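Q: Structure for this input, please:
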Amino acid sequence: MAGPQTKKPTRTKSARKATRKIARRTEVNKARRSRMRTSLRRVEAAIASGDKAAALEALTAAEPSLFRAARHGVIHKNAASRKVSRLTHRIAKLGA
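A: Numbers count the residues shown, from 1 in each chain. Modelled structure (predicted):
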């Protein structure tokens, strides 16, 4: 029977340091992921409104944040490229 896992305190000095480092990196990565998602939401909102100019402007602002997140390991490089590609195609459809 699988119960809730109990976290044991780390034993070694290096493990305690690793735990501190992980906690710091988690906070930084959460901020990066949040920034990326916010920029994506702006693009999605512009696409939903049907305004091609606003959507292109939002995508131009969102693209660097996506690739920055990929560079720092928040998302995979190919995932960032895929998101940009799909958004670009959706924006291109707006004018058609």
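Q: Can you name every helix or strand that the helix of greatest length in the chain contacts?
A: If you go by DSSP state H, the chain has its longest helix at helix 13-49. Packing partners of helix 13-49 (3 or more C-beta pairs under 8 Å, 6 or more residues apart in numbering; DSSP states H and E): helix 52-71, helix 77-95. To be clear about C-beta, it is placed using only N, CA and C from the backbone, and glycine gets the same treatment.
Q: Please name every helix or strand in contact with the shortest one.
A: The one in question is helix 77-95. Where contact means 3+ C-beta pairs under 8 Å, 6+ apart, helix 77-95 is packed against helix 13-49, helix 52-71.
Q: nearest residue to the residue nearest the centre of the chain other than its sequence neighbours?
A: Nearest residue to the geometric centre of the chain (C-alpha atoms, centre = their mean): residue 33, 3.6 Å. What sits nearest to residue 33 in space, not counting adjacent residues and going by C-beta to C-beta, 6 or more residues apart in numbering, is residue 74, at 5.3 Å.
Q: Report how many residues lie close to the one you found.
A: 20 (other C-beta atoms under 10 Å).
Q: any idea whether it is helix, strand or coil?
A: coil (DSSP: H, G, I helix; E, B strand; the rest coil).
Q: Could you report the pLDDT at it?
A: For residue 74, the pLDDT comes out at 95.
Q: That one and residue 90: what is the separation?
A: Distance of residue 74 to residue 90, given as C-beta to C-beta, to the nearest Å: 23 Å.
Q: which parts of stretch 60-67 are buried?
A: 62-63, 65-67 (16 or more other C-beta atoms under 10 Å).
Q: Pull the residues that contact that stretch.
A: Stretch 60-67 is contacted by residues 35-36, 39-40, 42-43, 75, 80, 83-84, 87 when judged by C-beta atoms under 8 Å, 6 or more residues apart in numbering.
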